[in-house]
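*Asks:* Predicted model and sequence below, questions to follow.
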Amino acid sequence: MKQYILAIYIICCGAASTPAQDHIPNRLIDYDGFLRNAEAVDKLRENRRVTEDQFLEMASAPATVILDARSSAKYQLLHIKGAKNLSLPDITQAELAKVIPSQSTRVLIYCNNNFLNQQPAFPPKFATASLNIYTFNTLYSYGYTNIYELGPLLDIAKTKLPFEGDSAAGLSH
């Protein structure tokens, strides 16, 4: 009897078609545009991942902005010295303009997945969900193209990068 009812439901209600498959318009969400930007970022990002030494050298230039897109709580615990915090969910055109002087400003980014041995401040994410990927794509979507990403995975206790924040006291930098 249950199979008979299920068969009638499938025939009458079209179980193969679900609301998620129907087109639901929303002019503020453009997944196809996101995919186009991600493809452009893929080409740009190839040459914009930098070593620890390159990151340090670039960071010393006065016009460079180091952007930390982690939550303000994680930023408060520990961040690269001089980094400005703008949490990814808070990024808008207006907020970016407050932190980055112009779209041509050189921006250095890093994320949780760049650092080992500091779980509270830098909890690792799945590699496919790395914050660097989202941050790079988001900045590009807002017209920022002078972006460089810290590439390597660094041990927090051995890196040359200087840190500050509530948990910085225990580090030997």
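*Replies:* Received it, and whenever you're ready, just let me know what you need.
*Asks:* you'd agree Asn114 is up against Leu154?
*Replies:* Yes: proximity of Asn114 to Leu154 meets the contact threshold set by Cβ atoms under 8 Å, at 6.0 Å. (Each C-beta comes from the backbone N, C-alpha and C, glycine too.)
*Asks:* Out of these two, name the residue with the larger neighbour count.
*Replies:* The residue with the greater number of neighbours, taking Asn114 and Leu154 and applying other Cβ atoms under 10 Å, is Asn114; the counts read 24 against 19.
*Asks:* Not counting its neighbours along the chain, what's nearest that one?
*Replies:* Distance criterion Cβ to Cβ, 6 or more residues apart in numbering; nearest residue to Asn114, sequence neighbours excluded, is Leu150 at 5.0 Å.
*Asks:* ok, so what distance separates that neighbour from Leu67?
*Replies:* Here the criterion is Cβ to Cβ, to the nearest Å. By it, Leu150 lies 11 Å from Leu67.
*Asks:* What count of nearby residues applies to Ile24?
*Replies:* Other residues within reach of Ile24, judged by other Cβ under 10 Å, total 8.
*Asks:* I misspoke; the intended subject was Asn117.
*Replies:* Taking other Cβ under 10 Å as the definition, Asn117 ends up with a neighbour count of 11.
*Asks:* Please apply the same query to Tyr75.
*Replies:* Counted with other Cβ under 10 Å, residues neighbouring Tyr75 total 20.
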